[in-house]
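[1] here are the coordinates; sequence isn't available:
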């Protein structure tokens, strides 16, 4: 291993990430290492880590290599592995563009939730094809303190519980995962979104992300919220044949989500690379067990 490892820092609507380019998958990133890098006081700091690997070099992505050259090996801020991160995909694509691996236009990115299509303009916002939402049956309840709300179960490649509330302050401090029931609905934990209306097809959210805590934004969460809002409002593009578009305000900015009649969901928003540097591997070896 070299004495130093390259990294970058980026964000999408202030959902921020440590980016570790590793095309041939030679860097060992166990959970403790990923968590140390994401530590905001003792490390670089981020809601998650984007490990940039060629699909052919990663055992979880080799089956997707014919469709997508690059694999987003995503880790939550606590080091745990996650299936998908919507803001992370945009930042991942922005890094590939910056590094000269891809040009503007449509590119494919492999994730644990399948291959995602990303449209890169030369400048400006990035649009990601997020796939289709799955709406599992069954009632779900989310609780904060002495308040409880019914929540819509939406899966965007990762699980979400979407609760519509009167005031975003009702979500509380969100330091810990909000309790939900039944526990069987989310055996591996869940991302919880609290949502208020801002206007016609315009909502705002706060989110507790599984493995990261409250974050400034959640791309898959914004998609889940848009789908839940559309169904609440009586809109199902598969039935009406008309796309449903919602503006979703997150604490770190704004995303625009469109659900098409074929069920595919598109998310449009910014992605910014803010810094790059090197990780001192001696520090890293002394920081992790």
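    Nice, I can see it. What you are looking at is a predicted structure, and each value in this text was computed from that prediction instead of being measured. Numbering: from 1, shown residues only.

[2] Could I get the full set of helices for this structure?
    31-38, 86-98, 219-232, 237-240, 281-287 (DSSP state H).

[3] Take those and write them to a markdown table, including mean pLDDT.
    A markdown table is the format used below for those (pLDDT from 0 to 100):
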| stretch | mean pLDDT |
| --- | --- |
| helix 31-38 | 95 |
| helix 86-98 | 96 |
| helix 219-232 | 97 |
| helix 237-240 | 96 |
| helix 281-287 | 84 |
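
[4] could you dump those to CSV with mean neighbour count?
    C-beta: built from backbone N, CA, C; applies to glycine. CSV is the format used below for the helices of the chain (neighbours: other Cβ atoms under 10 Å):
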stretch, mean neighbour count
helix 31-38, 21
helix 86-98, 26
helix 219-232, 26
helix 237-240, 13
helix 281-287, 13
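
[5] can I get those in CSV with distance to residue 23?
    As requested, the helices of the chain are exported to CSV (distance: least, Cβ to Cβ, whole Å):
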stretch, distance to residue 23
helix 31-38, 18
helix 86-98, 11
helix 219-232, 24
helix 237-240, 38
helix 281-287, 18
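
[6] Quick check: which of the ones you listed is nearest to residue 269?
    For the helices of the chain, the distance to residue 269 is smallest for helix 86-98, at 6.3 Å, taking Cβ to Cβ.

[7] For the chain, give me the ranges with low pLDDT.
    Scanning the chain with the threshold set as pLDDT under 70 gives 1-3, 288-289.

[8] so what are the domain limits for it?
    Domain ranges of the chain: 4-125+271-287, 140-269, per automatic domain parsing.

[9] and those as JSON lines, adding distance to residue 131?
    Formatted as JSON lines, the domains of the chain follow (distance: least, Cβ to Cβ, whole Å):
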{"stretch": "domain 4-125+271-287", "distance to residue 131": "6"}
{"stretch": "domain 140-269", "distance to residue 131": "6"}
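
[10] Figure out which of the ones you listed is closest to residue 133.
    domain 140-269 (4.5 Å).

[11] Give me the distance from that closest one to the chain's centre.
    12 Å (Cα atoms, centre = their mean, to the nearest Å).

[12] go on, stretch 50-60?
    18 Å.

[13] which residues touch it?
    Outside stretch 50-60, the residues that touch it by Cβ atoms under 8 Å, 6 or more residues apart in numbering are 10, 17-25, 27, 29, 61-62, 64-65, 68-75, 88, 91-92, 95-96, 110, 112.

[14] Buried ones among the residues you listed?
    Buried members of the contacts of stretch 50-60, counted by 16 or more other Cβ atoms under 10 Å: 10, 17-22, 25, 27, 29, 61, 64-65, 68-75, 88, 91-92, 95-96, 110, 112.

[15] Which of those fall in strands?
    Counting by DSSP state E, the part of the buried ones among the contacts of stretch 50-60 found in strands is 10, 17-21, 70-75, 110.

[16] Just name the closest of those residues to residue 275, please.
    residue 10 (8.3 Å).

[17] Could you list which residues are in contact with the residue most central in space within the chain?
    Nearest to the mean C-alpha position of the chain, counting by Cα atoms, centre = their mean, stands residue 85 at 2.2 Å. The neighbourhood of residue 85, defined by Cβ under 8 Å, 6+ apart, consists of 15, 48, 72, 74, 219, 220.

[18] let's go with 7 Å and repeat that
    With contacts defined as Cβ atoms under 7 Å, 6 or more residues apart in numbering, the neighbours of residue 85 are 48, 74, 219, 220.

[19] Quick one: those as CSV, columns for distance to residue 242 too.
    Output for the contacts of residue 85, formatted as CSV (distance: Cβ to Cβ, whole Å):
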residue, distance to residue 242
48, 35
74, 33
219, 24
220, 23
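
[20] Now do the same contact list for the closest residue to residue 167 other than its chain neighbours.
    Closest residue in space to residue 167, ignoring its immediate chain neighbours: residue 196 at 6.7 Å, by Cβ to Cβ, 6 or more residues apart in numbering. Listed by Cβ under 7 Å, 6+ apart, the contact set of residue 196 reads 165, 166, 167, 168, 203, 204.
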